[in-house]
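Peer 1: Attaching a predicted model along with its sequence, questions to come.
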Amino acid sequence: MVKVLFVCMGNICRSPTAEGVFRHMVEQDDLDGEISIDSAGTHAYHVGNPPDQRAQDAALKRDIDLSSQRARRVKADDFISFDYVIAMDESNKDALLSICPDGYEDRVHLFLDFSNDDQTEVPDPYYGQGRGFEIVLNLVEDASAGLLKRIRDNG
């Protein structure tokens, strides 16, 4: 079983979107018995809350339901439990590396490193207006496809 953890700041926009999109792709490929997926935040602002309604609405337009997810904060044990700990941006990657136990740093990745896009970070749509959540979904779908290929190729 390969275990993947997606991480953003509050675990209510980007990382739950990534969890939902990646889970959808994994289920479509009938790999849900082989890949375990979760998400978390580097901060505890929204622990126990569902994803932002705007993220849920945008995902639902693509037949991805985020409503059952609840925010949680990342913990040191996650680096041991998960094979891939995937940050949405450099700031969250730095926060992850600051709590990562020695010897597990190679499990921490930037999500868009798996993407074909030129961008390096998934932008935070929380304070924005307009198409921010759609942009996040587009980036997340592309990076999810790349991550799934990576897991298939390397485990």
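Peer 2: Yep, that arrived.
Peer 1: and the residue sitting furthest away from the middle of the chain, how far is that from residue 80?
Peer 2: The outermost residue of the chain relative to its centre, with distances by Cα atoms, centre = their mean, is residue 102 at 22.5 Å. Distance of residue 102 to residue 80, computed by Cβ to Cβ, to the nearest Å: 11 Å. For every residue, glycine as well, the C-beta is placed using N, CA and C.
Peer 1: pLDDT below threshold where in the chain?
Peer 2: By pLDDT under 70, the low-scoring segments of the chain are 155.
Peer 1: And the strands in this structure, which stretches?
Peer 2: Here the chain has its strands, by DSSP state E, at 2-8, 35-41, 84-87, 108-110.
Peer 1: Same list, those strands, but as JSON lines with mean neighbour count please.
Peer 2: Compiled in JSON lines, the strands of the chain are given as follows (neighbours: other Cβ atoms under 10 Å):
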{"stretch": "strand 2-8", "mean neighbour count": "24"}
{"stretch": "strand 35-41", "mean neighbour count": "22"}
{"stretch": "strand 84-87", "mean neighbour count": "26"}
{"stretch": "strand 108-110", "mean neighbour count": "19"}
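Peer 1: For residue 124, find the nearest of those.
Peer 2: Among those, the nearest to residue 124 by Cβ to Cβ is strand 2-8 (7.2 Å).
Peer 1: The closest one pairs with which strands, parallel or anti?
Peer 2: strand 35-41 (parallel), strand 84-87 (parallel) (DSSP bridges).
Peer 1: could you dump stretch 25-38 to PDB, C-alpha only?
Peer 2: C-alpha atoms of stretch 25-38 as PDB (Å, rounded to 0.1, in the frame of the first residue of the first chain):
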ATOM      1  CA  MET A  25      -8.400   9.300 -10.200                       C
ATOM      2  CA  VAL A  26      -7.200   6.300  -8.100                       C
ATOM      3  CA  GLU A  27     -10.800   5.000  -8.000                       C
ATOM      4  CA  GLN A  28     -11.300   5.500 -11.700                       C
ATOM      5  CA  ASP A  29      -8.100   3.400 -12.300                       C
ATOM      6  CA  ASP A  30      -9.400   0.800  -9.700                       C
ATOM      7  CA  LEU A  31      -6.300   1.300  -7.500                       C
ATOM      8  CA  ASP A  32      -8.100   2.300  -4.300                       C
ATOM      9  CA  GLY A  33      -7.000  -0.900  -2.700                       C
ATOM     10  CA  GLU A  34      -3.300  -0.100  -3.400                       C
ATOM     11  CA  ILE A  35      -3.100   3.600  -2.700                       C
ATOM     12  CA  SER A  36      -4.200   5.300   0.500                       C
ATOM     13  CA  ILE A  37      -4.900   9.100   0.500                       C
ATOM     14  CA  ASP A  38      -5.300  11.800   3.100                       C
END
